[in-house]
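Enquirer: Kindly return the folded structure for what I paste below:
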Amino acid sequence: MHSVTLNAVRDPAIHPPDTGGSQPISRQALHLAVMDRLRKMITEGVLPPGSHLNERALCEQLGVSRTPLREALKMLAVERLIDLLPNRGARVVTLSASDISDAFELLSGLEALAGELACQRITQAEIEEIQELHSAMDACHANGDLSGYFDCNQRIHDRINAAARNPALTQMYQSVNHRLQALRFRSNLHAGKWDRAIEEHVEILHALRQRDGATLGRLLRVHLMAKCAAVLANKRVAA
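Expert: Here you go, the predicted model:
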């Protein structure tokens with residue numbers, strides 16, 4: 001097994017992410033679309049931690065004016081994905097090791113609680129939808145499509161969270177998860193860790209189908225803390 005970093009040549013089995021950065025954004029809900037595009041670019045490392053955001057270049061790349069771009073940047077600053085620097089523009093946030101550890105610890109607890117509640121409240125139709133997403137995610141893994149895999153993965157976690165039927169929990173979960181998406185994405189760049197993540201999701205789906213809240217909560221906590229360990233290990237190597 002070997003590691004792949006975003007700044008180096010990629011494993012040919014892992015396809016580069018398609019952020020669609022060269023495609024103009026439609027005018028409807030423009031600042032929201034810009035925000036989603038930028039968040040994806042941050043998540044997939046196109047805009048890496050610490051990078052300065054050049055407004056002119058981003059406007060040209062996304063095919064928008066500065067007004068919706070600046071509105072999007074303000075919203076990403078609220079999510080704490082970027083820092084707005086007085087008279088110096090914007091910069092992608094860099095998280096310290098303690099920031100990462102604290103956030104993953106909190107997120108793992110939120111995911112565990114969501115799993116426990118979901119097993120009490122989820123419908124059979126919702127379980128089948130998650131099963132379909134899991135099948136699509138597994139296909140992406142088999143094809144080396146990391147971007148597609150991550151999209152399905154996040155939708156699975158979001159569906160479990162939504163099935164908990166607790167809006168306060170969902171709001172906090174989304175807030176913390178947005179800060180960690182880029183790190184969660186990069187934790188799968190090592191093929192062995194990606195394979196293990198798929199195995200863990202098989203166990204997660206089984207517990208959900210059995211409506212075993214205690215087991216699902218434990219599995220989700222372990223799954224997230226394994227991500228944390230992978231992220232911190234990558235950070236130490238990079239340093």
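Enquirer: Can you work out which other helices and strands pack against the helix or strand hosting residue 149?
Expert: Using DSSP states H and E, residue 149 sits within helix 146-163. Counting contacts by 3 or more CB pairs under 8 Å, 6 or more residues apart in numbering; DSSP states H and E, helix 146-163 is packed against helix 97-121, helix 124-142, helix 167-186, helix 191-209. Glycine gets a C-beta too; all of them are placed from N, C-alpha and C.
Enquirer: How about residues contacting that helix?
Expert: The contact list for helix 146-163, computed with CB atoms under 8 Å, 6 or more residues apart in numbering, reads 14-18, 43-44, 110-111, 114-115, 117-118, 121-123, 126, 129-130, 133-134, 136-137, 140-141, 169-170, 173, 177, 181, 184-185, 188-189, 194, 197, 201, 208, 220.
Enquirer: so which of the helices and strands packed on helix 146-163 gets nearest residue 68?
Expert: The closest of the helices and strands packed on helix 146-163 to residue 68 is helix 167-186. By CB to CB, the value is 19.4 Å.
Enquirer: quick one: low-confidence parts of this structure?
Expert: Within the chain, the segments meeting pLDDT under 70 span 1-28, 237-239.
Enquirer: Domain parsing of it, as residue ranges.
Expert: 29-92, 97-238 (the TED database).
Enquirer: buried set for stretch 219-231?
Expert: By 16 or more other CB atoms under 10 Å, the buried positions in stretch 219-231 come out as 219-221, 223-224, 226-228, 230-231.
Enquirer: Over to stretch 76-85?
Expert: 76, 79, 81-83.
Enquirer: May I see the residues you listed arranged in JSON lines, with distance to residue 39 and secondary structure as well?
Expert: Formatted as JSON lines, those follow (distance: CB to CB, whole Å; DSSP: H, G, I helix; E, B strand; the rest coil):
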{"residue": "76", "distance to residue 39": "7", "secondary structure": "helix"}
{"residue": "79", "distance to residue 39": "8", "secondary structure": "coil"}
{"residue": "81", "distance to residue 39": "7", "secondary structure": "coil"}
{"residue": "82", "distance to residue 39": "10", "secondary structure": "strand"}
{"residue": "83", "distance to residue 39": "15", "secondary structure": "strand"}
